[in-house]
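Novice: would you be able to build a 3D model of this:
(one chain, ligands or ions: 1)
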Amino acid sequence: MSAPFYPLGLRIEGRRVLVVGGGTVAQRRVPSLLDSGADVLLVSPHVTPALEGLATAGRLTWAARRYEESDLDGAWLVLAATSAPQVNAAISVAAEQRRIWCVRADDGSAGTAWTPAVGRHDGVTVAVLGGGDPRRAAAVRDGVVERLADGSLDSPRFRGLHKRSIPGVALVGAGPGDPELITVRGRRLLSRADVVVVDRLAPHLLLDELPAHVEVIDAAKIPYGRYMAQEAINTALIENALAGKFVVRLKGGDPFVFGRGGEELEACLAAGVPVEVVPGVTSAIAVPAAAGIPVTHRGVTHEFVVVSGHVAPDNPQSLVDWEALAKLRGTLVVLMGVERLAVIAETLIRHGKSADTPAAVIQEGTTSEQRSIVASLATIARAADEEGLSHPAIVVIGEVVAIGDRLNALVAALP
Ligand SMILES: C[S@@+](CC[C@H](N)C(=O)[O-])C[C@H]1O[C@@H](n2cnc3c(N)ncnc32)[C@H](O)[C@@H]1O
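Specialist: Predicted structure coming up:
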C-alpha cells in the first residue's frame, strides 16, 4: 500500500497553472483554478464552448495547438487532462523532471498530485481525499458542507470574536414554500441568526432547524393594522440589531417582489443598521414552474409581466394599467389576486383579451399542499371558486398555460 497523501492548501494566485486538454474534465477544473486567481494557460487544439468563452473573456490564455514540453516553462502546477493517456503520461514525466506537481485526470495514481473533492462554506474550505475513490470523497464533502450550511455542524470563529463579521440584519428571501428552495447563502445566514423575524408565507419548516436559543418573532402575529404592523416589524429588526444580535428577516419568495423589502432596508439603513439582502426564488416564477408552466416559451411568448392584484382594477388606488395588460401577447402572472379574480378576468376581457386565453390558478405552490386548476380566462374565477382555491395563490394567464398542460401530459405518460 502506498503512503498516504500529504494535504496542502496552495496559494496559486497569479501563478502559472498549465492545463493540457480542452474537454469536459478541463471545463470542470478550470473554474476553481480561476476562482483561486491562477494564471491559467490552456493548451489544446479544440476546447469546449465554455472554455472558449473564458478565453474570449480574457480569463485565461488559450494556446490552440498541441502540447509542447516548453509549455511547462514557468508553471507551478500542471493538469494533464487530454483524452490520450500517452500524452498525459509524457506531460507527467516532463513535469516530474522539472519538479512541477502534476495532476493526471485519466489516472490519478500516476500523477504526483491529486485534487480533492472541494466544498466551501462561509470561509471554510472542505477538501476530501477519498483514498482513491472520488465518489466517496464527494459524498463526504457533500455531507460536511450540508451540515455546515444547515448549522448542525458548527464552524465557530475564534479570531475576532469581539466584532461581528456579518451585518446586523439580513433580509433573506426564503423562496416560495418548499424549504429546499431557499438559497445556499440564505440558509447559511439563517444558521447564524440570533433572532429570526419570519413572515407567514416564509417556509416555516426552516424554523425546525434552528437551535433552541434562537428567538423567533412571528411577524404575522405582530398586532395593530397593516401600517403599524410594518412599523413594529422595522422596530423589531432595528432594536435587536442595535442590541448586537444578528437578525434574519425571513421573507417568502424574494424580499423585493411585493415583499416590502425595500421599506425594511430603508428603515434599517436610516437607523444605522447594516443590511445584507439575499435574493430569493420568487413565487411569481417558481409556483407556475412547480405546476409545470414555464412563464416563457420559445415561439409563444417574449415577455412575462408580474402584477399585484391586491387592489381591484376598478379601485382608484390601483397602480396597474389593466387596459395595457389586456393587449399583452405574453404571460401575465398575478400575485395576491385570487380573491379578485372575477373582476380581474372581466376587466381584461372587456379591454380586448380573448375570453379563451388559457389561465391557471395554483395554490400553495411547491409545498405538499399544492393544488391547481386550468380553465379559460372567462371561466377561471368560477372554476377556482368551485375548487375552493384561495390565498396564497398565483394566477397565470397566457398561452404558456396550454404549454404547461402539454408538458404535464408528457410527464404523466412517462413509465
Ligand atoms: C405579499 S406577496 C409576496 C411575494 C413574495 N415576495 C415572492 O417573491 O414570492 C404574497 C403573494 O405571493 C404569492 N405566493 C407566495 N407564495 C406562494 C405559494 N407558495 N403558492 C402560491 N402563491 C404564492 C401569492 O399570490 C401571495 O398572495
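
Novice: now the helices for the stretch 251-400 of the chain?
Specialist: Under the criterion DSSP state H, counting those that start in this stretch, helices of the stretch 251-400 of the chain are mapped to 261-270, 283-290, 322-326, 341-350, 380-387, 400-413.

Novice: likewise for the stretch 1-150 of the chain?
Specialist: With DSSP H, counting those that start in this stretch as the criterion, the stretch 1-150 of the chain has helices spanning 24-35, 49-56, 85-97, 134-150.

Novice: get me the contact residues on the stretch 101-250 of the chain for the ligand.
Specialist: Proximity of the stretch 101-250 of the chain to the ligand, by CB under 6 Å from any ligand atom, involves residues 176, 177, 201. The way it works is simple: take the backbone N, C-alpha and C, and place the C-beta from them, glycine included.

Novice: wait, residue 13 sits on residue 37?
Specialist: Yes - between residue 13 and residue 37 there is a contact under CB atoms under 8 Å: 3.2 Å.

Novice: confidence score at the residue in the stretch 1-150 of the chain positioned nearest to the ligand?
Specialist: Residue of the stretch 1-150 of the chain nearest the ligand, by CB to the nearest ligand atom: residue 150 (21.4 Å). The score at residue 150 is 74. That number is its pLDDT.

Novice: of the helices of the stretch 251-400 of the chain, which is nearest the ligand?
Specialist: helix 283-290 (3.2 Å).

Novice: next, the angle helix 400-413 makes with that closest one.
Specialist: On the basis of axes from the mean of the first three to the mean of the last three CA atoms, to 10 degrees, helix 283-290 is oriented at 40 degrees to helix 400-413.

Novice: pull out the buried residues from helix 283-290.
Specialist: Neighbour counts over helix 283-290 (16 or more other CB atoms under 10 Å) mark 283, 284, 285, 286, 287, 288, 289, 290 as buried.

Novice: can I get the residues you listed in TSV including distance to residue 74?
Specialist: Formatted as TSV, those follow (distance: CB to CB, whole Å):
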residue	distance to residue 74
283	52
284	51
285	47
286	48
287	53
288	53
289	49
290	52
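
Novice: can you narrow those residues down to the ones near the ligand?
Specialist: The residues of the buried residues of helix 283-290 that also fall near the ligand, by CB under 6 Å from any ligand atom, are 283, 284, 287.

Novice: what pLDDT does the residue in the stretch 151-300 of the chain that the ligand sits nearest to get?
Specialist: Nearest residue of the stretch 151-300 of the chain to the ligand: residue 253, at 1.9 Å (CB to the nearest ligand atom). pLDDT recorded at residue 253 is 97.

Novice: show me what contacts it?
Specialist: If a contact means CB atoms under 8 Å, 6 or more residues apart in numbering, then residue 253 has 173, 174, 175, 176, 201, 259, 280, 281, 282, 283, 284, 286 as its contacts.

Novice: hmm, the fifth one is touching residue 173, no?
Specialist: No - checked against CB under 8 Å, the pair residue 201 and residue 173 is beyond contact range at 11.1 Å.

Novice: any residues in contact with both of those two?
Specialist: Joint contacts of residue 201 and residue 173 (CB under 8 Å, 6+ apart) are 251, 252, 253.

Novice: among those residues, which ones are in strands?
Specialist: Members of these lying in strands (criterion: DSSP state E): residue 251.

Novice: the shared contacts of residue 201 and residue 173 into TSV, with extra columns for distance to residue 69?
Specialist: Supplementary listing: the shared contacts of residue 201 and residue 173 in TSV, determined by distance: CB to CB, whole Å:
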residue	distance to residue 69
251	58
252	59
253	56
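
Novice: so residue 155 is in contact with residue 122, correct?
Specialist: Yes - if you go by CB under 8 Å, residue 155 and residue 122 touch, sitting 6.5 Å apart.

Novice: any residues in contact with both of those two?
Specialist: With CB under 8 Å, 6+ apart as the test, residue 155 and residue 122 both reach residue 148.

Novice: returning to that earlier point: ok, the residue of the stretch 1-150 of the chain closest to the ligand to residue 187 distance?
Specialist: 6 Å (CB to CB, to the nearest Å).

Novice: which one's more surrounded, these two?
Specialist: residue 187 (20 against 15; other CB atoms under 10 Å).

Novice: OK, contacts around residue 89?
Specialist: Contacts for residue 89 (CB under 8 Å, 6+ apart) come out as 104, 110.

Novice: gap between it and residue 41?
Specialist: Distance, residue 89 to residue 41, using CB to CB: 20 Å.

Novice: with residue 95 instead?
Specialist: Distance from residue 95 to residue 41, by CB to CB: 13 Å.

Novice: looking at these two now, which is surrounded by more residues?
Specialist: Neighbours were counted for residue 95 and for residue 41 using other CB under 10 Å; residue 95 has more, 24 against 20.

Novice: just give the nearest non-adjacent residue to the more buried one, would you?
Specialist: residue 102 (3.9 Å; CB to CB, 6 or more residues apart in numbering).

Novice: and that neighbour, how many neighbours?
Specialist: Residue 102 has 24 nearby residues by other CB under 10 Å.

Novice: any idea how far it lies from residue 79?
Specialist: To residue 79, residue 102 is 8 Å away according to CB to CB.

Novice: and residue 5, by the same measure?
Specialist: Counting by CB to CB - residue 5 and residue 79 are separated by 17 Å.

Novice: of those two, who's got more company?
Specialist: A count of neighbours by other CB under 10 Å puts residue 79 above the other of residue 5 and residue 79, at 28 against 12.

Novice: who are the contact partners of that one?
Specialist: Each residue near residue 79 by CB under 8 Å, 6+ apart is listed here: 17, 18, 19, 20, 21, 26, 29, 33, 102, 103, 105.

Novice: related to what we said a few turns ago, which of the buried residues of helix 283-290 sit farthest apart?
Specialist: Using CB to CB, the pair of the buried residues of helix 283-290 lying farthest apart is 284 and 290, separated by 11.9 Å.
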